[in-house]
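No letters, just coordinates:
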C-alpha cells in the first residue's frame with residue numbers, strides 16, 4: 001500500500017537548477033504562495049522562470065540535497081502580476097525580448113499582455129522602439145511557444161520524448177496533437193525516428209484496436225522502412241509477412257499471416273507498395289525505393305552504352321599530358337582515362353596506394369583538354385574536402401551540389417533535378433561505396449542530357465548505411481565499363497598501413513611495424529583497459545612521441561554501446577582531452593555534456609541550419625550527417641551554442657542538440673569517406689560479433705594517413721580477418737541491369 005502523503009503546492013518558478021532537454025526532467029526552485037522556497041523535481045517540459053505552477057506530489061529527503069518535492073503532476077498558470085509577466089517574457093522565451101523590454105511590455109499592457117501578444121501584436125508598436133515588423137515577430141513567437149508548450153505537455157503526459165516537439169511542430173504546426181490522436185503511427189516516419197512499440201503504446205493509450213487496419217498497415221510500412229537501414233531495397237513476401245506477425249502479436253492478440261497479407265495487398269492497391277517477381281522471388285518494395293531502383297537501372301544502363309567519338313586520338317592526348325610527369329601512368333591507369341574519355345559512364349575502383357587519385361587527376365586533365373566542364377562530388381563533407389585537396393579543384397557534397405533543402409512537410413528536396421539540371425558536361429563522384437540508391441537517383445536525375453558520370457570507389461569498403469548495394473551491384477552486373485586498379489605503387493609499398501590493408505583484404509593477419517613504422521598493435525582485452533590505453537595515447541603518448549595534436553587523432557570503434565564502443569570512449573576522451581574548467585561553459589543534454597572546445601558530429605541531415613564562412617562572409621544553409629565540428633562558445637541566456645564545421649560557423653539552439661554527438665571517437669561506419677593523420681582503433685573483447693567483419697577492419701585501416709594504432713585483443717583481430725561475411729542485402733539493381741535490354745548507343749561528336 002502506498003503510504004505517501006500527496007499534497008498540492010502553488011508557486012512561481014524562480015530558477016531552473018537542472019533541465020534535461022531530451023525528456024523534460026528538471027530540478028526547479030520555486031517560491032510557494034506561502035513564501036517558502038521549494039526544490040521540486042519531476043518532468044516539466046520547457047518550463048521557464050516566472051511561470052506559475054500547481055504541483056501535485058509528495059516530500060522526499062535526498063541523501064545529498066536534502067528535502068525535495070517529488071512532482072507527479074503539474075499544471076501551468078500564466079502569471080497575472082506585472083512582475084510575473086515581465087519575468088516570464090524576459091526569461092529567454094522570445095528571441096529579441098530581454099528583461100528590460102519584457103518589463104516595458106508588462107508595464108504597458110498589464111494583465112492584458114498575453115491577450116495582446118496573441119490577438120493584437122501590432123499594439124506593441126505603442127512601445128517606443130518596437131517596429132511593426134518586430135511586433136509581429138514577437139507575437140508570432142509567443143503563439144508558437146504557446147502551441148509548442150501544449151504539444152510538449154501532451155508528449156510528456158503520454159511518456160513520449162519531449163525532444164520530438166520541434167520536429168512535430170515543424171511539420172504539423174498547431175495540428176500536431178490532433179494528428180497524433182488520429183494516427184499515432186505517424187511517429188514511425190523516419191523523420192521522427194521513433195520505434196514502432198512507442199507509437200503502438202500511444203495508440204493503445206488512445207484506445208485504438210490491436211486488430212485495426214491502421215495498425216496492420218503501420219506495421220507493414222514500419223518493417224519495410226526499418227529494413228532500409230539494413231540495406232534492403234525490398235523484402236521477400238514470406239519474410240515480410242512473418243516479420244510483421246512477430247511485430248504485431250503479443251500476449252493479448254495473435255496477428256496471423258493472412259491479415260499481414262491483406263494489409264500488403266491493401267497498401268499495394270493504394271500505391272504505397274509495389275510487388276514484383278525478382279529472380280523467382282515475390283519482392284515487396286516501398287513505392288519510392290522501387291522507383292529509384294528501376295530508374296537507376298534504366299538510366300545507367302543507357303549511359304553505360306553511350307559512346308563518344310572524336311576527330312583526334314585520345315591516347316595521343318594522354319601521352320602529351322604525361323610528358324615530363326614524375327610518376328608515369330600504369331597501363332591500367334591509361335586504360336581508365338581512355339575509357340572515361342570515350343564513355344558515358346565508367347567505374348574506377350581500387351584499394352589504397354593503387355593510384356585512384358592520380359587517375360582522377362588524369363581524367364580531369366583530359367576532360368579539360370576536351371573542353372568539358374566537370375564537377376566533383378563526394379558523399380560527406382570530409383570526403384569532399386579531401387577530394388578538393390588532392391585535385392586542386394573544388395569538390396562539394398552531393399547534397400550541396402544538388403542544392404538540398406526541405407519541401408513541404410519537412411521532406412528532402414533538391415533544387416537541381418530533372419527540370420533544373422546541373423550546369424556541367426561531366427561529374428566525378430568519389431567514395432561511391434557510401435552512396436545509397438535514393439541519393440544516387442537524385443544525382444542521376446540532375447545530370448543534363450549527354451553528361452558523363454565517373455564513379456570512383458573501393459568496393460571492399462563498407463556498403464552504404466541506406467538502401468541498396470549500389471557500387472557492388474553496378475560492378476557485378478558486368479554492364480558498366482569497370483577498371484579495377486590492383487598494382488600497389490612503389491611509394492605506397494613503403495607504408496605498412498597500405499600493405500596491411502591489402503593483407504587484411506586478402507584474408508591475412510596484419511603485421512605490426514618496427515620502431516620507425518606506421519602500424520602498431522597494443523594488446524589489451526578488457527574494455528576498461530582498452531579505453532584507458534586509448535585515452536593515454538590521445539592525451540599524451542602520440543602528441544609527445546609523434547607530434548600529433550589531439551585534433552589530428554581520430555579514435556574508431558566498430559560499435560557504439562558495447563565493449564570499447566564510442567559511447568564509453570567519448571566519455572573518457574572528453575575527460576582526458578577537454579575536462580571541465582571554470583573558463584569553459586557547458587550544457588547537459590540527456591546523458592551527455594557538451595562543453596566549449598568539444599569535438600562533435602552532426603548525426604542527421606539538417607537543411608535549415610544557417611552557416612557563415614567568416615573569411616569571405618559567404619552564407620548558406622545545411623549541415624549534414626557526418627559533418628564534424630568544434631563547439632566554440634555556449635550562450636546560456638540565448639540557449640544556443642556556436643559550432644565551427646571546418647570553415648563554416650553555425651549556431652545551434654538547445655532544442656537542436658539531439659542532432660549532435662561527441663566525436664572524439666566515432667564508429668567505423670561514420671568515419672567512411674574521411675582520412676585522418678593518426679587513427680586509434682579500439683577492438684576490445686565484448687564487441688558485437690556482427691560488427692567484427694573483415695571489411696570493417698579494412699575500412700578502419702584505410703582511414704589512417706600517417707599512423708595507425710590498434711588497441712585490442714589479438715583474438716578479435718583474427719576473428720575479423722577470418723570473417724568475410726558481408727551481410728546479405730535484398731537488392732535487385734544488379735538483376736535489373738542484367739535484364740535491361742541494350743539500347744542503341746548514341747554517338748556524340
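Looks like it came in fine. All values derive from a computational prediction rather than experimental measurement.

Wasn't residue 666 part of a strand?
Yes: counting by DSSP: H, G, I helix; E, B strand; the rest coil, residue 666 is found in a strand.

Next secondary structure after the helix ranked longest in the chain?
Longest helix in the chain by number of residues (criterion: DSSP state H): helix 132-157. Per DSSP states H and E, the first helix or strand lying C-terminal to helix 132-157 is helix 165-172.

So what touches the helix or strand that that following helix is followed by?
Downstream of helix 165-172, the first helix or strand assigned by DSSP H and E is helix 176-182. With CB atoms under 8 Å, 6 or more residues apart in numbering as the test, helix 176-182 has contacts from 150, 151, 154, 168, 169, 172, 186, 187, 202, 206. In short, each C-beta sits where N, CA and C put it, glycine included.

The stretch 401-550 of the chain: helices as residue ranges?
Along the stretch 401-550 of the chain, counting by DSSP state H, counting those that start in this stretch, helices occupy 437-445, 470-476, 490-493, 496-505, 527-536, 542-546.

Averaging pLDDT over each of these, report the lowest-scoring one.
Mean pLDDT is lowest for helix 490-493 among these, at a mean of 67.

so what are the domain limits for the protein?
What automatic domain parsing lists as the domains of the chain is 7-155, 183-271, 290-492+735-739, 508-722.

End to end on the third one, go ahead and measure it.
By that I understand domain 290-492+735-739. By CA to CA, to the nearest Å, the extent of domain 290-492+735-739 from end to end equals 16 Å.

Over to the shortest one?
Domain 183-271 has its terminal residues 19 Å apart, counting by CA to CA.

Relative to the whole chain's centre, how far out is it?
Its chain's average C-alpha position is 24 Å from that of domain 183-271, according to CA atoms, centre = their mean, to the nearest Å.

cool, the longest one as well?
Between the mean C-alpha location of domain 508-722 and the chain-wide mean there is a distance of 15 Å, by CA atoms, centre = their mean.

Can you lay out the domains of the chain as CSV showing distance to residue 729 and mean neighbour count?
CSV is the format used below for the domains of the chain (distance: least, CB to CB, whole Å; neighbours: other CB atoms under 10 Å):
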stretch, distance to residue 729, mean neighbour count
domain 7-155, 33, 17
domain 183-271, 4, 17
domain 290-492+735-739, 5, 19
domain 508-722, 13, 19
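
Of all those domains, which one comes closest to residue 284?
domain 183-271 (5.2 Å; CB to CB).

avg pLDDT for the closest one?
The model assigns domain 183-271 a mean pLDDT of 92.

mind listing what the spatially closest residue to residue 686 that is not a sequence neighbour touches?
Using CB to CB, 6 or more residues apart in numbering and skipping the chain neighbours, the partner closest in space to residue 686 is residue 563 (3.5 Å). Listed by CB under 8 Å, 6+ apart, the contact partners of residue 563 are 527, 530, 557, 684, 685, 686, 687, 688.

Please state the backbone phi and psi of residue 270?
Main-chain torsions, residue 270, degrees, to the nearest 10: phi -80, psi 0.

Could you report the distance from it to residue 286?
Residue 270 sits 12 Å away from residue 286, going by CB to CB, to the nearest Å.

same check, this time on residue 319
With CB to CB as the criterion, residue 319 and residue 286 are 50 Å apart.

Which strands or helices does the longest helix of the chain pack on?
On a contact count with 3 or more CB pairs under 8 Å, 6 or more residues apart in numbering; DSSP states H and E, helix 132-157 meets helix 113-119, helix 165-172, helix 176-182.

wait, residue 395 sits on residue 385?
Yes: counting by CB atoms under 8 Å, residue 395 sits close enough to residue 385 to count as a contact (7.5 Å).

wait, what's in contact with the residue lying closest to residue 441 once chain neighbours are set aside?
In space, not counting the residues next to it along the chain, residue 441 is nearest to residue 292; the distance is 4.1 Å by CB to CB, 6+ apart. Contacts for residue 292 (CB under 8 Å, 6+ apart) come out as 233, 437, 438, 440, 441.
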